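Peer 1: Here is a sequence together with a model predicted from it:
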Amino acid sequence: MTQTTEEIETSGNFDLLNLRTNFTAIIEPTHSCNLECKYCYVNKNAEKGRMNIKTLENSIRNVSEFIGKRKIIDFLWHGGEPLLMKLDFFKEVINIQKGMGEEYKFDNAIQTNGTLITEEITDFFKDYKFNVGLSLDGPEELNNKTRIYKHVKNGSKNTFKDILNSMKILRDRDMEADVIVTLNKQNIKNIKLIYQFLKDYKINAKFNPLVCSGRTIENYEQLAISPEEYGEAKLNLFDMWFNDERPPHLRCLEGFLGNILSKNHFHECTFSDSCQKSILSIGPSGNVYPCGEFNGIEEFRYGNINKENLKKILLHPMREKLIKRAENIEECLNCEYKKLCHGGCMRNAYAYRGNVMDKDPYCPAYKSLFKHISNKIFENGCKEV
Amino acid sequence: METLEKNLIFKENPEISVFVPTIGRNRIKNPIVGRMVEIYEKYPQGIISDDGIMSHSKGSHNKHSKGGGGGCYLTTACTKATNLPDDCYELNVLRNFRDNILMSQPSGKKAVREYYNMAPEIVRAVEERKDAQNIWQSVYKEIRRAVSLVLSRDFEGAFRHYKELSLDLKQKYLD
């Protein structure tokens, strides 16, 4: 039976409060966006509106005070489109962080669709050492199939040229911007084209499968990919990358390889034994969720940063269940890749199978990729794990 | 999973033995893969912090690219105080001590884990000081002492010396 928050607190189950040193708070100050990407995962029930300064301050203060002084506290500014909040919001972020005192150390990163970047914003991000990540689904003809403006701009809804222009603004200031490529039915058959494009433009990237949530459900037939399609694309991607003497950084493949080689040293949240010890997400009105993709699903709401302190929020029974998920997925108990994969992403499990305690439905793709990479790296095929 | 005993290298060591699956080096053209394999071959027992390094599927920023050497104050002391390379003799002795002695014992593993949690903060705190160079030089002297203890096979003494150094740095620059 699941314990109540009070029972957990009094039973001394402080493992729930033992956050990892690489902890990141993902802050989503708005779920609004100037784009209407066909696969956007934001739920219809996701929090509306924009984060006010009080919620922003409570978020930064609560997280920072809980993690403590002299540790590096990571904030990832996400959305929706976080740059809809305008530059003044991010100036306030820095003011609040500075107001915490010199003993608090922060790293800020922002994941943006790349259409609202200006020279002024970039100068600010450079001054305050923000890492910037963009989203781009490959060359123009592929990107513009899925990543499109909500309203016509300069006679079209195409985003590609504006994203590339943002990348130029960043590079002119010696700032690198890695991109996320979302694999979907519109681009997955063109993996070679995408790889060559990334190489030509010297862009580092990670490849995610689309999440079956939000607008993806409306466009399911047009966009959804099978685990087998995803696995095949990733195998092809790996082979091109593995055989390349001048490759771009592809974080998703480096994560796979790192998992195999280094016993849990590098990993993506998808394969973490317990992602909940490394991340939480705070939405526009201060609601706290396991990650942003759960925003608006009440059973996953841990609490509200304006109403409860972070310790109480972290002791939520659902969080305890999610922390222990990897060791309790029945289908994975006897899997040879269990220690590499930990059941995959719980959000994918929930989206496709309705149960967060199921394994990730992309399981066949992960298995084939682990096996394939082991075959490539080790003389005789695989490594004991 | 199939255990590839016939294909394992047996690395002999006075203290412990390590089995390492053989890498197909001749197949690797990608320099990024090559570097990852080099790290694996140097540290076959795996790493260091149970926490690991996690990236988020939701973010494409590369937060680890700006870390350089990664905040190891032993490395920083050697490279900054004396311009030694990061594969210098002293560091290699200490790395072997870490991987082959400390990592074979629970208390050693815990100490190594604590080191990697704390070290980046110490590096950052020292680097912010005007007397950073002097501090690194004094740390380097302590490193030399630890190295001599390892070489004389006084592993307990080396471990104790390392712990005292860490405690001292923590108290001076973090607490």
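Peer 2: Happy to help now that I have it. Residues are numbered from 1 along each chain as shown, chains lettered A, B, ... in the order given.
Peer 1: Can you show me the strands along the stretch 251-385 of chain A?
Peer 2: For the stretch 251-385 of chain A, applying DSSP state E, counting those that start in this stretch gives strands covering A:266-268, A:279-282, A:287-289, A:303-304.
Peer 1: contact partners of the second one?
Peer 2: By that I understand strand A:279-282. A:23-28, A:55, A:59, A:78, A:269, A:288-292, A:294-295, A:302, A:305, A:313-314, B:54, B:56 (Cβ atoms under 8 Å, 6 or more residues apart in numbering or on different chains). Where C-beta positions appear, they are placed from N, C-alpha and C, glycine not excepted.
Peer 1: Would you map the strands across chain B?
Peer 2: In chain B, the strands defined using DSSP state E lie at B:8-11, B:18-21, B:53-55.
Peer 1: average pLDDT across the second one?
Peer 2: The one in question is strand B:18-21. Averaging pLDDT along strand B:18-21 gives 50.
Peer 1: Where does pLDDT dip in the chain?
Peer 2: Since no chain was named, I'll use chain A. Along chain A, the parts satisfying pLDDT under 70 run over A:1-16, A:20-22, A:70-71, A:262-267, A:380-385.
Peer 1: oops, I was thinking of chain B
Peer 2: For chain B (pLDDT under 70), the answer is B:1-21, B:39-72, B:83, B:85-87.
Peer 1: for it, what's the longest helix?
Peer 2: Criterion DSSP state H: the longest helix present in chain B is helix B:106-127.
Peer 1: does chain A sit close to it?
Peer 2: Yes - Helix B:106-127 is in contact with chain A by Cβ under 8 Å from any Cβ of the partner chain, via B:117, B:120-121, B:124-125.
Peer 1: Determine the set of other helices and strands touching that helix.
Peer 2: Where contact means 3 or more Cβ pairs under 8 Å, 6 or more residues apart in numbering or on different chains; DSSP states H and E, helix B:106-127 is packed against strand A:72-77, helix B:73-82, helix B:132-151, helix B:155-173.
Peer 1: again, only this time at 10 Å
Peer 2: Applying 3 or more Cβ pairs under 10 Å, 6 or more residues apart in numbering or on different chains; DSSP states H and E, we find helix B:106-127 packed against strand A:72-77, strand A:105-112, helix B:73-82, helix B:132-151, helix B:155-173.
Peer 1: Quick one: these as JSON lines, columns for distance to residue A:233 and mean neighbour count too.
Peer 2: Below are those laid out as JSON lines (distance: least, Cβ to Cβ, whole Å; neighbours: other Cβ atoms under 10 Å in any protein chain shown):
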{"stretch": "strand A:72-77", "distance to residue A:233": "26", "mean neighbour count": "22"}
{"stretch": "strand A:105-112", "distance to residue A:233": "22", "mean neighbour count": "22"}
{"stretch": "helix B:73-82", "distance to residue A:233": "39", "mean neighbour count": "22"}
{"stretch": "helix B:132-151", "distance to residue A:233": "48", "mean neighbour count": "17"}
{"stretch": "helix B:155-173", "distance to residue A:233": "46", "mean neighbour count": "16"}
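Peer 1: Mind checking the ones you listed for the one nearest to residue A:40?
Peer 2: strand A:105-112 (13.4 Å; Cβ to Cβ).
Peer 1: Which neighbouring elements make contact with that closest one?
Peer 2: Where contact means 3+ Cβ pairs under 10 Å, 6+ apart, strand A:105-112 is packed against strand A:24-27, helix A:53-67, strand A:72-77, helix A:86-99, helix A:119-127, strand A:131-135, strand A:177-183, helix B:106-127.
Peer 1: closest to residue A:196 out of those?
Peer 2: Of all these, it is strand A:177-183 that lies closest to residue A:196, at 12.9 Å by Cβ to Cβ.
Peer 1: Skip ahead from that closest one and say which helix or strand is next.
Peer 2: Of the helices and strands lying after strand A:177-183 in sequence (DSSP states H and E), the nearest is helix A:191-200.
Peer 1: relative orientation of that following helix and strand A:177-183 in degrees?
Peer 2: Taking axes from the mean of the first three to the mean of the last three Cα atoms, to 10 degrees, one finds that helix A:191-200 is oriented at 180 degrees with respect to strand A:177-183.
Peer 1: Tally up the residues packed near residue B:91, please.
Peer 2: Here the number of neighbours of residue B:91 (other Cβ atoms under 10 Å in any protein chain shown) works out to 20.
Peer 1: And for residue A:48?
Peer 2: 12.
Peer 1: Now it. Its backbone dihedrals?
Peer 2: Main-chain dihedrals, residue A:48, degrees, to the nearest 10: phi -90, psi 170.
Peer 1: pretty sure it is touching residue A:285, no?
Peer 2: Yes - under the criterion of Cβ atoms under 10 Å, residue A:48 makes contact with residue A:285 at 8.3 Å.
Peer 1: In three-state terms, label residue A:175 for me.
Peer 2: Secondary structure, DSSP: H, G, I helix; E, B strand; the rest coil: residue A:175 is coil.
Peer 1: Next, it: phi, psi?
Peer 2: Residue torsions, per degrees, to the nearest 10, at residue A:175 are phi -110, psi 130.
Peer 1: Do I have it right that it meets residue A:128?
Peer 2: No - if you go by Cβ under 10 Å, residue A:175 and residue A:128 don't touch, sitting 11.7 Å apart.
Peer 1: what about residue A:206, neighbour count?
Peer 2: 24.
Peer 1: Please identify the helix or strand for it.
Peer 2: Per DSSP H and E, residue A:206 falls inside strand A:205-209.
Peer 1: Contacts (any at all) between chain B and the following helix or strand past that strand?
Peer 2: Heading C-terminal from strand A:205-209, the first helix or strand you meet, by DSSP H and E, is helix A:215-218. No - contact of helix A:215-218 with chain B (Cβ under 10 Å from any Cβ of the partner chain) is absent, the minimum separation being 15.1 Å.
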